[in-house]
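# Quick one, structure for this:
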Amino acid sequence: MNSLIFPDWPQPKNIGACSTLRIGGISLSPYDSFNLGAHVGDERACVEENRRLLCEYAQLPEMPLWLEQVHGTDVITLSHQENQSITGDALYSATAKKVCAIMTADCLPVLLTTVDGQEVGAAHGGWRGLYQGVLESTLAQFKAPRSQIMAWLGPAIGPSAFEVGPEVRQAFIEKNSAFNSAFISHKDKYLANIYMLARIILVESGVTQIYGGDFCTVTESARFFSYRREQKTGRMASLIWIK
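Numbers count the residues shown, from 1 in each chain. Prediction:
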């Protein structure tokens, strides 16, 4: 049983990266089965065993620091400090064997690495975080030129499933008219393309090596958890680290 997917990008040899699927764990319905979120109502023992299995499946160098994600823009830098519970929506590391992990169930996980494999990052990109600048805040931690950074857009809600109100579209296009292309009129609302929103932000920030962005957590129910589809459900993780 394959519980992981791997970024389709020219990954440096010293970088590890993956995203989990919903299969391969021990959690029972509605968290079946590879739920990694301890905040969604699942049995704590199941979550802890799933996290142990993740370390085994992905051959992680250590247990990730699991953030309390709040749809904000705070970036946590991982170094040699002891892991603890901490609030934030992105991680950055230039230290080997420290795992950047983001949990999602429709929001967009964005993994980042420099082409030389010396710096990595991961960001939680819901529409609120994208609007507020979580990608820009994460990129600001990198010392390498933006031309030397590449991004992978992991499993998120697809453009045919992400319905938002006109106020969301208006907020984005008031910030940047280029965002208009990421919204399609749908009845009295709009369909938003979260992958396109992220691509626009990344390109305008100077990152042009962008991969992924061809998933839909809502419609691919056998592979992914989706909060919009099920409300009470598990969480997947997208991870990146320097080996």
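# Only C-alpha atoms from now on, for both contacts and neighbour counts.
Fine.
# By mean pLDDT, point me to the weakest helix or strand of the protein.
The helix or strand of the chain with the poorest confidence is strand 86-87; it has a mean of 92 (mean pLDDT, DSSP states H and E).
# what helices or strands is it leaning on?
The criterion is 3 or more C-alpha pairs under 8 Å, 6 or more residues apart in numbering; DSSP states H and E, and the helices and strands that strand 86-87 contacts are strand 67-68.
# tell me which residues of the host helix or strand of Val47 are tucked away?
Using DSSP states H and E, Val47 sits within helix 44-58. If you call a residue buried by 16 or more other C-alpha atoms under 10 Å, then helix 44-58 has these buried ones: 46-47, 49-54, 58.
# Just give me the closest of those residues to Gly117.
Distance ranking of the buried residues of helix 44-58 against Gly117, using C-alpha to C-alpha, places Ala58 first at 18.1 Å.
# pretty sure that closest one is touching Thr20, no?
No. In this structure, Ala58 is not within contact of Thr20 by C-alpha atoms under 8 Å, at 9.2 Å.
# what's the distance between the residue lying closest to Ile149 once chain neighbours are set aside and Lys97?
In space, and not counting its chain neighbours, Ile149 is closest to Thr114: 4.3 Å by C-alpha to C-alpha, 6 or more residues apart in numbering. With distances taken as C-alpha to C-alpha, to the nearest Å, Thr114 is found 16 Å from Lys97.
# distance of the residue nearest to Ile149 from Tyr57?
To Tyr57, Thr114 is 24 Å away according to C-alpha to C-alpha.
# Could you do Gln141 as well?
On the measure of C-alpha to C-alpha, Gln141 and Tyr57 end up 29 Å apart.
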